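> Mind folding the following:
(chains A, B, C and D)
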Number of protein chains: 2
Amino acid sequence: MSDKTDRRQARTKQLLYQALISLLTEKGAESITVTDIAMRADINRGTFYLHYKDVPDMLEQIKDEIFGKLQSLILEFDPQEVAQFAFEDEPYPKLVRLFEEVERNADFYKVIFGPHGDISYAQRLRTFLYSHIFNKVSYSQPREEDMLIPRDYLIAYISSANIGIIMHWIESGFNKTPYEMGLIMTQMVNHGPLIASGIREKPHNKR
Amino acid sequence: MSDKTDRRQARTKQLLYQALISLLTEKGAESITVTDIAMRADINRGTFYLHYKDVPDMLEQIKDEIFGKLQSLILEFDPQEVAQFAFEDEPYPKLVRLFEEVERNADFYKVIFGPHGDISYAQRLRTFLYSHIFNKVSYSQPREEDMLIPRDYLIAYISSANIGIIMHWIESGFNKTPYEMGLIMTQMVNHGPLIASGIREKPHNKR
DNA sequence: GTTATTAATCAACAACTTGTTTATTAAAAT
DNA sequence: ATTTTAATAAACAAGTTGTTGATTAATAAC
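Below is the predicted model of the structure:
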């Protein structure tokens, strides 16, 4: 937006960000007051209004910024590429980059998906993933009559499932590397839960 | 809890409930004031405090009540039974009952999963489903080394996926009957997304 | 039906948050 | 060294909160 050259501005903005994240671990966004943030950041209350209109505005700006990065990564995903890497038992590199991006903003994701988190962020991610998958699946499997269930419900299933994997990783405290997570998701996307669980057999493999 | 024989109390409580649901379509729970609810319900503000401690308390009581019903239905699910019905191309009756219960509280679910919804309710459902599936899967597929991915990530995938189906139904405005939804979920649970999508072939079938 | 109970109302309270404004201080850019 | 401007401090009316005491009226119990 505007110039961020001034060190004072950058410092204040960072203090406000940290204060908001910290408060979000304790209570919901909508019950966080400007006074709360100013006190925790040790910043004059009036200073807050020099940067943001109000608390919802602050949260929205932060969410937009971080969501944008995820969005551009997801746009590059290609199911056919995933299949190639799954065949080699290797993680799809673009998926690894996704998990790296999430890890980079670990603090944010922990609170936004946490107990006092923001349902609209998860919803936005789900909707975006849904529309992306929709385009890809419609292309590779266009005949609705060959499907056992309606296409939209299949896509809702897949998008929620993959977001569930990400959420589980976050809730576990990032107990795997982005590389490991990339491999897990690559296999799930390609084989589905039944083969991945070992209930059904894997068709063919190199090693 | 206490006696609810007095018609005045029941009436007031219902008016408060309707007002809260109505307000939740417009803004988040934590920014809803007692004044808001009282005004919309056309009830004296002091009367609210005769029923609830504050707004979070009211929401918590409502959530507990409705979640309890879902919980008891989920506890009865048995994967083996699901397989039998899936084989016959029929919906698992206990799943149909689940969707009927959700439909019964349609107003609630629409707002709780909506844009101004409550992340903790979805989280609670997800966690409960997770632990239920965990017990069942550990029993039928106990060897972790036979699995392509860690068991906990498999279960996170499955539980989120199924909640995604429910959410999609709600967001679609309940465009299918509980029977149809039961059939969709029965097939997804039993066949997984790859077979359901028609990418992989279904093994055997009666008709 | 009459009476006793109690739910709901109304009005007023101090304490707190909000968004805004004014004048002042001090850090950064030039 | 000087100018610019970010941050501070103090004060404002308006709105919300949780509580209280007195009053009204619907309901339950007899």
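
> Contacts only, for A:Thr159.
You called it Thr, but residue A:159 is Ser. The contact partners of A:Ser159, taken as C-beta atoms under 8 Å, 6 or more residues apart in numbering or on different chains, are A:Arg126, A:Leu129, A:Tyr130, A:Ile133, B:Gly164. Where C-beta positions appear, they are placed from N, C-alpha and C, glycine not excepted.

> Torsion angles phi and psi at the closest residue to the fourth one other than its chain neighbours?
When you say that, I think you mean A:Ile133. Closest residue to A:Ile133 apart from its sequence neighbours, by C-beta to C-beta, 6 or more residues apart in numbering or on different chains: A:Ile155 at 5.1 Å. Taking degrees, to the nearest 10, you get phi -70, psi -40 for the backbone angles of A:Ile155.

> residues touching A:Ile155, list them.
Contacts of A:Ile155 (C-beta under 8 Å, 6+ apart): A:Tyr130, A:Ile133, A:Phe134, A:Val137.

> Looking at the contacts of A:Ser159, which are in strands?
Residues of the contacts of A:Ser159 located in strands (DSSP state E): none.

> Now flag whichever of these is closest to DNA strand C.
A:Arg126 (29.2 Å; C-beta to the nearest atom of the strand).

> Enumerate every residue touching the closest one.
A:Ser159, A:Ser160, A:Ile163, B:Gly164, B:Met167.

> What number of residues are in the vicinity of the residue in chain A positioned nearest to DNA strand C?
DNA strand C sits closest to A:Thr33 of chain A, with a gap of 2.7 Å, by C-beta to the nearest atom of the strand. Using other C-beta atoms under 10 Å in any protein chain shown, A:Thr33 is surrounded by 13 other residues.

> any idea how far it is from B:Thr33?
According to C-beta to C-beta, to the nearest Å, A:Thr33 stands 13 Å off from B:Thr33.

> between these two, what contacts are shared?
Contacts common to A:Thr33 and B:Thr33, judged by C-beta under 8 Å, 6+ apart, are absent.

> In terms of residue numbering, what are the domains of chain A?
Domain segmentation of chain A under automatic domain parsing yields A:7-52, A:63-197.

> so can I have CSV of those showing mean pLDDT and distance to B:Tyr92?
Output for the domains of chain A, formatted as CSV (pLDDT from 0 to 100; distance: least, C-beta to C-beta, whole Å):
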stretch, mean pLDDT, distance to B:Tyr92
domain A:7-52, 93, 36
domain A:63-197, 92, 14
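
> So which of these is the most surrounded?
domain A:63-197 (a mean of 18; mean count of other C-beta atoms under 10 Å in any protein chain shown).

> picking that back up, show me which of the contacts of A:Arg126 is closest to DNA strand D.
Closest to DNA strand D, out of all of these and judged by C-beta to the nearest atom of the strand, is B:Met167, at 29.3 Å.

> Leaving out chain neighbours, which residue sits closest to that closest one?
B:Phe113 (5.4 Å).

> residues touching that neighbour, list them.
Neighbours of B:Phe113 in contact, by C-beta under 8 Å, 6+ apart: A:Ile119, B:Tyr121, B:Ala122, B:Met167, B:Ile170, B:Glu171.

> quick one: the helix or strand hosting the third one to chain centroid distance?
Okay, so that is B:Ala122. Using DSSP states H and E, B:Ala122 sits in helix B:119-140. Mean-position distance between helix B:119-140 and its chain equals 12 Å (C-alpha atoms, centre = their mean, to the nearest Å).

> go on, stretch A:60-75?
9 Å.
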